[in-house]
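Colleague: One predicted model, sequence on top.
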Amino acid sequence: MAKESKEIILYHRAYRRLPGSFGKFLWQFILIAVPLSLLSIFFYPLITSHVSIITRDILAPYFSSGAIKMTDIEYIPGIGLIYFLDLPGVFPSHINALVNTVIAALLVAVSPFIKRAKPLMIFLIYMFFLYLLASLCFLYFPEKFPYRLSDYAHLYMMQEISIWFFIPLIMGLAVLPLPTTIASKVLVMCVTYLYAILFGLVRYVVFLFILSKVSMIYMPIFFFGLGPLVDFVYVVGIYSIYLNRLSIDLRGQFTTWKWQ
């Protein structure tokens, strides 16, 4: 092979590895990701309190005075209370449950035959099965449904605290080894963390409004289908955008990588 040809051949990415040592990454993880994650543990009473107050103020015009109450319960002993809302939910009538059962059964029957967007369809089939099970429960055993809307609000807040705790750790593992500045890494981790809190607030408002004004039949879908699974979508999205911008900035900088 001619020397000129060899000079323009790029090494395969299988032979590239990230620069830096494991020790450096470990110290960055301990000093950046862990403290950010611990904010969720030590400040969850303050965060859940503000999320509940904002949600109550947004929903207040749609309810009679005093219908929405903010309550609390001890979550981690010695740290503080977790705050959530207590408001009335709407149980579906028999006709409503029957209609939802028929719709859910049709969705479950038809969805496997849709060939496009397979990953999305797999997730939707999972959602449709949850929808069908919830509809059947309210159709045949409505009196045995064990949860009130306040129970859901409480479980949602505990779920959010777990999400806020793990997101900095996951983002730290993902971005701290990358060959870029500490400032940009901290920025993308903080942006993801703040977005998680904001997204959790918006979802809390929407879900409580639907469950209190439309039907409690959607509670299993909201909790098991549109909970942590959806959170990892925006985590991966933010990471992908960040990595794409970094790849563009490092294009042609072959000395950035270390070679096997």
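Modeller: Nice, thanks for sending it over. Just so it is clear, the model here is predicted, and its values are computed rather than measured. Numbers count the residues shown, from 1 in each chain.

Colleague: quick one: buried residues of stretch 27-38?
Modeller: If you call a residue buried by 16 or more other CB atoms under 10 Å, then stretch 27-38 has these buried ones: 28-29, 32-33, 36-37. In this view, the C-beta of every residue, glycine as well, is placed from N, C-alpha and C.

Colleague: Could you tell me which ranges of the stretch 1-150 of the chain sit under the pLDDT cut-off?
Modeller: 1-21 (pLDDT under 70).

Colleague: run the last query once more with 50
Modeller: 1-9 (pLDDT under 50).

Colleague: For my notes, confirm Phe224 occurs in a helix.
Modeller: Yes: Phe224 sits within a helix when classified using DSSP: H, G, I helix; E, B strand; the rest coil.

Colleague: Spatially nearest residue to Leu178 (excluding sequence neighbours)?
Modeller: Leu246 (6.2 Å; CB to CB, 6 or more residues apart in numbering).

Colleague: Also Asp72?
Modeller: Leu81 (4.1 Å).

Colleague: would the one you found count as being in a strand?
Modeller: Yes: with three-state DSSP as the criterion, Leu81 is part of a strand.

Colleague: quick one: contacts for it?
Modeller: By CB atoms under 8 Å, 6 or more residues apart in numbering, the residues touching Leu81 are 45, 72-75.

Colleague: Show me where the stretch 51-200 of the chain has its strands.
Modeller: Per DSSP state E, counting those that start in this stretch, the stretch 51-200 of the chain carries strands over the ranges 69-76, 80-86.

Colleague: The first one relative to strand 80-86, how many degrees between them?
Modeller: This means strand 69-76. Between strand 69-76 and strand 80-86, the angle comes out at 150 degrees (axes from the mean of the first three to the mean of the last three CA atoms, to 10 degrees).

Colleague: List the buried residues in strand 69-76.
Modeller: In strand 69-76, counting by 16+ other CB under 10 Å, buried: 70, 72, 75.

Colleague: so how far is Ile47 from the last one?
Modeller: The one in question is Tyr75. According to CB to CB, to the nearest Å, Tyr75 stands 12 Å off from Ile47.

Colleague: Contacts for stretch 188-202 next, please.
Modeller: With CB under 8 Å, 6+ apart as the criterion, stretch 188-202 contacts 32-33, 36, 39, 47, 51, 54-55, 160, 163-164, 167-168, 171-172, 175, 231, 234-235, 238-239, 242.

Colleague: Quick one: mark the members of the residues you listed that sit in helices.
Modeller: 36, 39, 47, 51, 54-55, 160, 163-164, 167-168, 171-172, 175, 231, 234-235, 238-239, 242 (DSSP state H).

Colleague: in the stretch 101-250 of the chain, which spans are helices?
Modeller: 118-140, 149-175, 182-213, 219-220, 228-249 (DSSP state H, counting those that start in this stretch).

Colleague: now those helices as TSV including distance to Ala60?
Modeller: Supplementary listing: the helices of the stretch 101-250 of the chain in TSV, determined by distance: least, CB to CB, whole Å:
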stretch	distance to Ala60
helix 118-140	28
helix 149-175	15
helix 182-213	11
helix 219-220	22
helix 228-249	26
